[in-house]
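Chemist: Provided below are the primary sequence and the corresponding predicted coordinates.
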Amino acid sequence: MTLDRAVFVFAGCVVLAGIALAHFVHPWWIALSAFAGLNMIQAAFTGFCPAAMVFKKLGIRTGAAFR
């Protein structure tokens with residue numbers, strides 16, 4: 001798995017977790033999904049992604065997007 005795919009899987013899991021928590025626990029958990037979405041947008045414009053930095057330190061090989 002490349003770094004790009006790891007970041008996409010992680011972001012998808014965070015979004016789905018936020019939706020599930022908002023449905024089953026409390027509506028304010030939707031903010032978790034909003035945070036993930038905003039982070040993806042800022043990463044697209046700036047190239048800075050904290051999750052990519054963590055995955056890179058864990059030894060996942062880089063892909064095309066996060067070099």
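Modeler: Nice, I can see it.

Chemist: contacts, neighbours, all on C-alpha from now
Modeler: Noted.

Chemist: host element of Arg61?
Modeler: Arg61 belongs to no helix or strand when assigned by DSSP states H and E.

Chemist: Identify the residues contacting it.
Modeler: 1-3 (CA atoms under 8 Å, 6 or more residues apart in numbering).

Chemist: any weak-confidence spans in the protein?
Modeler: 66-67 (pLDDT under 70).

Chemist: In it, which helix is the longest?
Modeler: Using DSSP state H, we find that the single longest helix of the chain is helix 3-24.

Chemist: following that helix, which helix or strand shows up next?
Modeler: helix 30-46.

Chemist: Report the inter-axis angle for that next one versus helix 3-24.
Modeler: 160 degrees (axes from the mean of the first three to the mean of the last three CA atoms, to 10 degrees).

Chemist: I'd say Leu16 and Ser33 touch.
Modeler: Yes: judged on CA atoms under 8 Å, Leu16 makes contact with Ser33 at a distance of 7.4 Å.

Chemist: When those two are compared, which one has more neighbours?
Modeler: Ser33 (22 against 15; other CA atoms under 10 Å).
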